[in-house]
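Colleague: I'll drop the sequence and a predicted model, then ask my questions.
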Amino acid sequence: MLELEKLSVGYGRKIVLSEVNFSLEEGRFLSLLGPNGAGKTTLLRTLTGLQPALSGRVLILGQDLARMNRAKLARIQAVVLTDRLTPGLLTAYEVTALGRYPHTGFLGKLGPDDHQAVSRALEMVEAKGLAERFFQRLSDGEKQKIILARALAQEPKLILLDEPTVHLDLKHRLEVISILRNLCRDLGITVVASLHDVDMASRLSDQVALIAEGGLADFGPPELVLNDSSVARLYKLEGARYDSRLGVMELENQGKRGPVFVVPGGGSATSLLRLLHKRGFALLCGVAHQGDMDHHLASVLGARMVSVPAFSRASEKDLDNCLELMNMADVVIDSGFELGMANQANRDLLIRALQKGKQVFSLRSDHEAKEMLGSLSANLVCCKNELDLAREISAYNHALVIPKKQSA
Ligand SMILES: Nc1ncnc2c1ncn2[C@@H]1O[C@H](COP(=O)(O)OP(=O)(O)OP(=O)(O)O)[C@@H](O)[C@H]1O
């Protein structure tokens with residue numbers, strides 16, 4: 001569908017990107033990712049023919065873009081740029097109908113086929129109800145849907161979009177994204193879009209192009225191209241990292257409070273770990289099973305951890321290592337894990353912590369705690385939920401810090 005051969009783009013003598021090479025098959029979704037000012041818009045504008053290439057070639061369906069006439073190009077390619085559309089007093093239907101211009105005659109008169117195409121396009125973006133409303137009076141999200149409908153009414157094979165979800169709330173962002181995804185999957189339309197959301201790009205795209213420092217830094221399926229270090233390099237991230245497994249950005253913290261020791265299990269500690277990390281606590285954790293969500297998140301959040309392979313029991317040595325970490329912690333937290341064959345050691349850890357007189361906070365009910373820990377549970381502070389627990393720990397931590405300061 002699209003092939004770039006040693007393409008350099010820019011403005012006059014200013015080269016923004018040089019010698020970009022890649023090709024894209026029909027019906028694929030390509031996301032252009034890169035920091036502000038990297039050249040995504042400049043590349044998109046060059047692919048639309050709105051600005052000439054500085055050197056190299058763009059081939060669309062095997063034909064050189066520079067030699068294609070505009071009418072022919074408009075029947076293949078639709079463009080959605082970020083420039084605000086100000087179409088005067090046109091209704092949403094009339095704006096959508098503007099997309100039919102490559103198919104109508106000189107006077108732009110719509111025939112029955114054109115009206116059908118306009119209705120189909122409005123239906124595809126689920127905006128038939130907006131048809132009679134004035135475009136200017138629509139919300140940003142509604143406008144974006146109509147602009148997409150206009151591109152679809154053109155019945156293109158290739159759609160180029162610059163930041164199609166910018167200014168949209170979550171609902172409209174997801175709607176627009178799912179419309180674009182369906183275009184590729186159901187209609188075989190090729191989509192090239194610049195996006196700022198790495199997570200969205202990784203879920204949506206067949207291919208991603210990483211644009212940075214004057215060229216194409218990488219190109220390929222997101223599963224191969226997007227990882228912690230490539231994203232950190234691309235955006236020059238400091239104080240944050242991209243978790244490619246969960247597809248989310250995690251903020252680093254200096255862990256100035258605590259540390260606290262979390263006893264995890266089977267994903268029971270995930271919200272808790274995130275909350276404590278957000279509140280600035282340094283995290284210690286054990287015993288965590290590899291492959292478990294708690295293990296993954298604890299390691300992404302930079303916790304010091306004792307871990308064992310999935311489904312295996314911790315050894316005496318693992319327990320000793322945990323106790324060593326636990327001794328460093330102000331408090332111990334029971335994540336309320338479900339007890340099974342493989343994590344008996346985590347119950348033993350809680351028992352040892354209570355026997356040593358450590359302050360233990362728990363996400364279990366009093367009843368559950370008693371069942372698991374017997375009379376020792378009397379020394380446990382049971383909390384209703386993660387927020388309650390974080391509050392209790394903050395109060396306890398504060399009480400610890402003040403005497404320390406006073407004695408100094
Ligand atoms: N008309 C212009 N003339 C000269 N330089 C320009 C022009 N338009 C943009 N630039 C410059 O070209 C470079 C690339 O800009 P571009 O808008 O393509 O980046 P981008 O990746 O789309 O950025 P963003 O994510 O912020 O939209 C920037 O340094 C920008 O200042």
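Modeller: Yep, that arrived. Residues are numbered from 1 along each chain as shown.

Colleague: quick check: closest non-adjacent residue to the residue nearest the centre of the chain.
Modeller: Closest to where the C-alpha atoms of the chain average out (Cα atoms, centre = their mean) is Asp199, at 2.0 Å. Using Cβ to Cβ, 6 or more residues apart in numbering and skipping the chain neighbours, the partner closest in space to Asp199 is Gly247 (4.5 Å). Every C-beta, even on glycine, is put in place using the N, C-alpha and C of the backbone.

Colleague: pull the contacting residues for that neighbour.
Modeller: Gly247 sits next to 198-199, 202-203 when contact means Cβ atoms under 8 Å, 6 or more residues apart in numbering.

Colleague: element containing Leu47?
Modeller: Secondary structure assigned from DSSP states H and E places Leu47 in helix 40-48.

Colleague: anything in that helix near the ligand?
Modeller: Yes: with Cβ under 6 Å from any ligand atom as the criterion, the ligand is reached by helix 40-48 at 40-42.

Colleague: relative to helix 40-48, how tilted is the helix or strand that that helix is followed by?
Modeller: Going down the chain from helix 40-48, the next helix or strand is strand 55-60, by DSSP H and E. Between strand 55-60 and helix 40-48, the angle comes out at 70 degrees (axes from the mean of the first three to the mean of the last three Cα atoms, to 10 degrees).

Colleague: show residues contacting strand 55-60.
Modeller: Residues contacting strand 55-60 (Cβ under 8 Å, 6+ apart): 1-8, 19-20, 46-47, 64-66, 68, 73, 76-77, 158.

Colleague: who are the packing partners of the host helix or strand of the residue nearest to the centre of the chain?
Modeller: Asp199 is part of helix 198-204, with elements assigned from DSSP H and E. Identification of packing neighbours for helix 198-204 by 3 or more Cβ pairs under 8 Å, 6 or more residues apart in numbering; DSSP states H and E yields strand 29-33, helix 170-187, helix 222-225, strand 248-251.

Colleague: in that helix, which residues are buried?
Modeller: 198-202, 204 (16 or more other Cβ atoms under 10 Å).

Colleague: so what strands line up beside the next helix or strand after that helix?
Modeller: Where DSSP H and E defines the elements, the next helix or strand beyond helix 198-204 is strand 207-212. Note on strand 207-212: by DSSP bridges, its sheet partners are strand 29-33 (parallel), strand 215-220 (antiparallel).

Colleague: quick one: which of those is nearest the ligand?
Modeller: Set against the ligand and scored by Cβ to the nearest ligand atom, the strands paired with strand 207-212 come closest in strand 29-33, at 7.8 Å.

Colleague: quick one: residues in contact with the closest one.
Modeller: 24, 40, 43-44, 180-181, 184, 190-196, 198, 201, 204-211, 222, 234.

Colleague: at 7 Å what do you get?
Modeller: With contact meaning Cβ atoms under 7 Å, 6 or more residues apart in numbering, strand 29-33 is reached by 24, 40, 43, 180-181, 184, 191-195, 198, 201, 204-211, 234.

Colleague: stretch 358-376 now?
Modeller: Contacts for stretch 358-376 (Cβ under 7 Å, 6+ apart): 326, 331-336, 339, 347, 350-351, 353-354, 377, 380-383, 389, 392-393, 396.

Colleague: any of those buried? List them.
Modeller: 326, 331-336, 347, 350-351, 353-354, 377, 380-383, 389, 392-393, 396.

Colleague: give the rounded mean pLDDT of the host helix or strand of Leu122.
Modeller: In this structure, Leu122 sits in helix 112-124 according to DSSP H and E. Averaged across helix 112-124, pLDDT comes to 91.

Colleague: kindly report the same for stretch 79-97.
Modeller: Averaging pLDDT along stretch 79-97 gives 83.

Colleague: buried residues in it?
Modeller: Across stretch 79-97, burial judged by 16+ other Cβ under 10 Å covers 79-81, 85, 90-97.

Colleague: next one: stretch 300-309
Modeller: Buried residues in stretch 300-309 (16+ other Cβ under 10 Å): 300-308.
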